[in-house]
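A.B. asks: Curious how this folds, go ahead:
(one chain, ligands or ions: 1)
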Amino acid sequence: MEAASQPPLLRLDNGRLGLEVAGATHVGLRRAHNEDALGLRPDAYDEFGATSGYLFAVADGMGGAEKGEVASRLAVDALFATYYARDKQADPARSPAEALRAAFEAANGLVYGESLKVVSGMMGTTLVACTVVADQAIVGNVGDSRAYLLRAGRLQQITDDHSFVNEQFKAGVLSAEEARTSPQRNIITRAIGHQPTVQADQFQVGPLQAGDLLLLCSDGLHGMVGDDELLAIGAEPDLQRAAAAYVDAANTHGGLDNVTCLLVRVVARHDAPAPLPGPAAGS
Ligand code: CA
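C.D. replies: Alright, predicted model coming up:
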């Protein structure tokens, strides 16, 4: 089996938190193409991350005939471009939450515009993103990719899937196990690129503590690997190994779909805020 694609381990510090970031993406065992996209952009963080937030994302494209790959990549590109654009343009007062909302709208607009050019069928993508600002994380979500917080030996799902089976589960029609194994579990009810506008959910997580792990992933992971195993792998101290182990676990359980994970671990919390990196005062 081909190894998972993994960017190098990233170490970041915004003056409040020290972070390690790792990710992995793999086509899985049954699909011809990997339509997932991993949103990690070290270049963007260098300039603006410590002040504006470190932005991370996972997108899971759909549409067949390579349209899914295009949709997920376009969505991640637009998300990053829009989120960090506020630093270069007019609106420095805009909050990270507002910037994230605008970035989701831009991603939707771009993919929707492209989908109109597609002759047959639809293209779209899920998008889950999180930005870490000071000691807070703001999570945005459309579709059935997920964000989790692993803290003190517990796994907490932050996002709520926009999927047919989750709606059936919430209405009491399906049990959790029936929802997890339903043949209709791939039907999503909200996507980036399906409508001219989209409503992203937003969640705030914080204050983050040393040892916390944020996990963003596509359904190729959470649909194949149970909560206990997600939690156990997240305890692995080596974050690159943990990311690779998530991919291996999904493939061990059948690898029915593309699998992507992005892991952000809080490795230090500075209770007396350290000075921000960047130009010296007066320069
Ligand atoms: Ca998928």
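A.B. asks: Spatially nearest residue to residue 49 (excluding sequence neighbours)?
C.D. replies: Distances taken as Cβ to Cβ, 6 or more residues apart in numbering put residue 12 closest to residue 49, at 6.4 Å, once the chain neighbours are dropped. Where C-beta positions appear, they are placed from N, C-alpha and C, glycine not excepted.
A.B. asks: from what I can see the one you found touches residue 45, true?
C.D. replies: Yes. Using Cβ atoms under 8 Å, residue 12 is in contact with residue 45, at 6.1 Å.
A.B. asks: Now for the two: what residues contact both?
C.D. replies: residue 54 (Cβ atoms under 8 Å, 6 or more residues apart in numbering).
A.B. asks: picking that back up, what's near enough to touch the residue nearest to residue 49?
C.D. replies: Residues in contact with residue 12 (Cβ under 8 Å, 6+ apart) are 18-21, 45, 49-50, 54.
A.B. asks: can you redo the residues you listed as JSON lines with secondary structure, neighbour count and distance to residue 153?
C.D. replies: Formatted as JSON lines, these follow (DSSP: H, G, I helix; E, B strand; the rest coil; neighbours: other Cβ atoms under 10 Å; distance: Cβ to Cβ, whole Å):
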{"residue": "18", "secondary structure": "strand", "neighbour count": "17", "distance to residue 153": "21"}
{"residue": "19", "secondary structure": "strand", "neighbour count": "23", "distance to residue 153": "20"}
{"residue": "20", "secondary structure": "strand", "neighbour count": "18", "distance to residue 153": "19"}
{"residue": "21", "secondary structure": "strand", "neighbour count": "23", "distance to residue 153": "22"}
{"residue": "45", "secondary structure": "helix", "neighbour count": "21", "distance to residue 153": "29"}
{"residue": "49", "secondary structure": "helix", "neighbour count": "23", "distance to residue 153": "29"}
{"residue": "50", "secondary structure": "helix", "neighbour count": "19", "distance to residue 153": "30"}
{"residue": "54", "secondary structure": "strand", "neighbour count": "25", "distance to residue 153": "25"}
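A.B. asks: Find the pair from these with maximum spatial separation.
C.D. replies: Greatest spatial distance among these (Cβ to Cβ): 20 and 50, at 15.4 Å.
A.B. asks: how many other residues sit next to the residue in the stretch 51-200 of the chain that the ion sits nearest to?
C.D. replies: The ion sits closest to residue 60 of the stretch 51-200 of the chain, with a gap of 4.3 Å, by Cβ to the ion. The burial count assigned to residue 60 is 30, neighbours taken as other Cβ atoms under 10 Å.
A.B. asks: now the contacts of residue 12 as a markdown table including pLDDT and distance to residue 240?
C.D. replies: Output for the contacts of residue 12, formatted as a markdown table (pLDDT from 0 to 100; distance: Cβ to Cβ, whole Å):
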| residue | pLDDT | distance to residue 240 |
| --- | --- | --- |
| 18 | 97 | 17 |
| 19 | 98 | 14 |
| 20 | 98 | 9 |
| 21 | 98 | 10 |
| 45 | 89 | 18 |
| 49 | 85 | 20 |
| 50 | 86 | 23 |
| 54 | 97 | 18 |
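A.B. asks: Number of residues surrounding residue 137?
C.D. replies: Applying other Cβ under 10 Å, we find 27 residues neighbouring residue 137.
A.B. asks: what sits against it?
C.D. replies: Listed by Cβ under 8 Å, 6+ apart, the contact set of residue 137 reads 130-131, 204-206, 208, 214, 264.
A.B. asks: Residue 55: how many residues sit nearby?
C.D. replies: 28.
A.B. asks: and the helix or strand where it lies, what does it pack onto?
C.D. replies: Using DSSP states H and E, residue 55 maps to strand 54-62. When contacts are defined as 3 or more Cβ pairs under 8 Å, 6 or more residues apart in numbering; DSSP states H and E, strand 54-62 packs onto strand 17-26, strand 36-39, helix 67-88, strand 124-133, strand 213-217, strand 259-269.
A.B. asks: Mean neighbour count, the ones you listed: which tops it?
C.D. replies: Most buried of these, by mean neighbour count (mean count of other Cβ atoms under 10 Å): strand 124-133, with a mean of 28.
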